[in-house]
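Novice: Sequence plus the predicted model coming up.
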Amino acid sequence: MKKNFDKSKNRRQIGGTGLGLAISKEIIEAHNGDLSFVSSLGEGSTFTISLPIFEIPQIGDHIVILEDDDNLAGMVTAGIEKLGIPTLRLRSAEEAILALDQLKEESPLLCIVDIQLVGSKTGWDFISSLHHHPVHHHVPVIVSTVLDPPRNFKDKIPEKYLQKPFSVSQLIEIVEQQFQRNQQNAATLIFPMQDQGILTSSIKNKGIEVEDITVREDLIEVQAKSHIKLKSPDDV
């Protein structure tokens, strides 16, 4: 004999375990928020979630350190502070892109970018957003990470994707060199030494055109071609 059961009724009789509320509370508190509720027997419960207002960081006139490793970020920050240059550390590409979108006046002095970050976006996404920005596209970028290979790249027996990150001392030295050169006419991307062809492919995958590449002893310097057309005095 077949019996029909009211599944919704059965669920109401069994009741919940309370895990959903506990998980929600942990997520909210992890974001420095608070969860409270008021319950009336036979009437129901009212839950209130309070979250702090997010303040968009001001990245203008600072060296931006986009790095989610606390120890590495701390060492880089300490090294740059010895040069007397203000720094601002961000953990995610989402936060950095939002700060870039809200930036109206002073540009960042320079950006030190890790590729693998917390969140769904990567350092490549921030580099692409910076390059395509109508005002701040000239800001130089130093990539201080083990880089991701291009999409669909597969290792072969004679061809491996080798990666070499900068040391902190070397990174500080490169920062100092960039300020001495003070080039503001074109975007500069500096990478650890690796396969030049693979690096070029990675850059082009993000819609960045390469104007010139200089290979030094332990790094590759890329001059990115600006796609921004500057207005002439007659256009203003």
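Specialist: Happy to help now that I have it.
Novice: What pLDDT is listed against K229?
Specialist: According to the prediction, K229 has pLDDT 52.
Novice: Now do the domain split for this structure, please.
Specialist: Domains of the chain are assigned by automatic domain parsing as 7-50, 63-224.
Novice: Now do the SS call for the closest residue to A93 other than its chain neighbours.
Specialist: The shortest distance from A93 to any non-neighbouring residue, by C-beta to C-beta, 6 or more residues apart in numbering, is to K121 (3.8 Å). Where C-beta positions appear, they are placed from N, C-alpha and C, glycine not excepted. Under DSSP: H, G, I helix; E, B strand; the rest coil, the three-state class of K121 is coil.
Novice: For the residue nearest the centre of the chain, give me its contacts.
Specialist: Among the residues of the chain, the one closest to the centroid is A93, at 2.1 Å (C-alpha atoms, centre = their mean). Applying C-beta atoms under 8 Å, 6 or more residues apart in numbering to A93 gives the contacts L66, L117, G119, K121, T122, G123, D125, F126.
Novice: possible to save these as a markdown table with distance to Q223 and neighbour count?
Specialist: Formatted as a markdown table, the contacts of A93 follow (distance: C-beta to C-beta, whole Å; neighbours: other C-beta atoms under 10 Å):
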| residue | distance to Q223 | neighbour count |
| --- | --- | --- |
| L66 | 21 | 27 |
| L117 | 25 | 25 |
| G119 | 29 | 13 |
| K121 | 25 | 17 |
| T122 | 22 | 19 |
| G123 | 19 | 26 |
| D125 | 21 | 18 |
| F126 | 19 | 27 |
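Novice: out of the domains of the chain, deepest packed?
Specialist: Neighbour counts (mean count of other C-beta atoms under 10 Å) averaged over each of those peak at domain 63-224, with a mean of 17.
Novice: Ends of that one, what's the gap?
Specialist: 20 Å (C-alpha to C-alpha, to the nearest Å).
Novice: now do stretch 205-222
Specialist: One end of stretch 205-222 to the other measures 15 Å (C-alpha to C-alpha).
Novice: Could you save the contacts of A93 as CSV and add columns showing pLDDT?
Specialist: Formatted as CSV, the contacts of A93 follow (pLDDT from 0 to 100):
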residue, pLDDT
L66, 96
L117, 93
G119, 91
K121, 95
T122, 93
G123, 93
D125, 94
F126, 96
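Novice: What part of the protein, helix or strand, is modelled with the least confidence?
Specialist: For the chain, the helix or strand with the lowest mean confidence is helix 7-14, at a mean of 54 (criterion: mean pLDDT, DSSP states H and E).
Novice: Please pull up the helix or strand immediately following that helix.
Specialist: Going down the chain from helix 7-14, the next helix or strand is helix 19-30, by DSSP states H and E.
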